[in-house]
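Peer 1: Got a predicted structure here, sequence first:
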Amino acid sequence: MAEQKNTNSRLVYSTDQGRLCPACGQPVAGCACNRAKALAKSDGVVRILRQTKGRKGKGVSLITGLPLAQDQLEELATRLKQRCGAGGAVKDGVIEIQGDHREALALELKKLGYVVKLAGG
């Protein structure tokens, strides 16, 4: 009986580099094809919404639709967190700011030239 090798298997995590892009095999943080996909998904409108789901009732403001690379998102997140006086993080191309700061975030992003839409309730 001949052994068949599974050609569909590929490395998705490395202890040296963390998560790897399934398309090109590069680390997710430095993946050019992932960055290109994120830029292509954006419709040019930055959406700010409030979410409490899975956070034990504590609200967080989510900013989606920014056509920026990961390092630029982190710089912008730092600026927005300082503006709001709150903590936060960048996860999967979405900026999370702790608390309901939608109005202040909208003003700051409009100053930077983005088209902003408040979404959700």
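Peer 2: Received it, and whenever you're ready, just let me know what you need.
Peer 1: Quick one: residues in contact with the longest helix anywhere in the chain.
Peer 2: Ranked by residue count under DSSP state H, the longest helix found in the chain is helix 70-84. Contact with helix 70-84 is made by 29, 35, 63, 66, 68, 87-90, 93, 95, 97, 99, 101, 104-105, 108, as judged by CB atoms under 8 Å, 6 or more residues apart in numbering. C-beta coordinates here come from the backbone N, C-alpha and C atoms, glycine included.
Peer 1: Just the buried ones from the residues you listed?
Peer 2: 35, 63, 66, 68, 88, 90, 93, 95, 97, 99, 101, 104-105, 108 (16 or more other CB atoms under 10 Å).
Peer 1: which ones are touching A89?
Peer 2: So A89 contacts 77, 95-96 (CB under 8 Å, 6+ apart).
Peer 1: Would you state the secondary structure element containing it?
Peer 2: strand 88-91 (DSSP states H and E).
Peer 1: which one among the contacts of A89 gets closest to G57?
Peer 2: Among these, E96 lies closest to G57 (CB to CB), at 15.8 Å.
Peer 1: residues near the closest one, how many?
Peer 2: 18 (other CB atoms under 10 Å).
Peer 1: next one: A106
Peer 2: Counted with other CB under 10 Å, A106 comes out at 18.
Peer 1: in what helix or strand does the closest residue to it other than its chain neighbours lie?
Peer 2: Leaving aside its chain neighbours, A106 sits nearest to V116 (4.7 Å; criterion: CB to CB, 6 or more residues apart in numbering). V116 is located in strand 115-119, with elements delineated by DSSP H and E.
Peer 1: List the buried residues in that strand.
Peer 2: The neighbour-count check on strand 115-119 (16+ other CB under 10 Å) flags V116 as buried.
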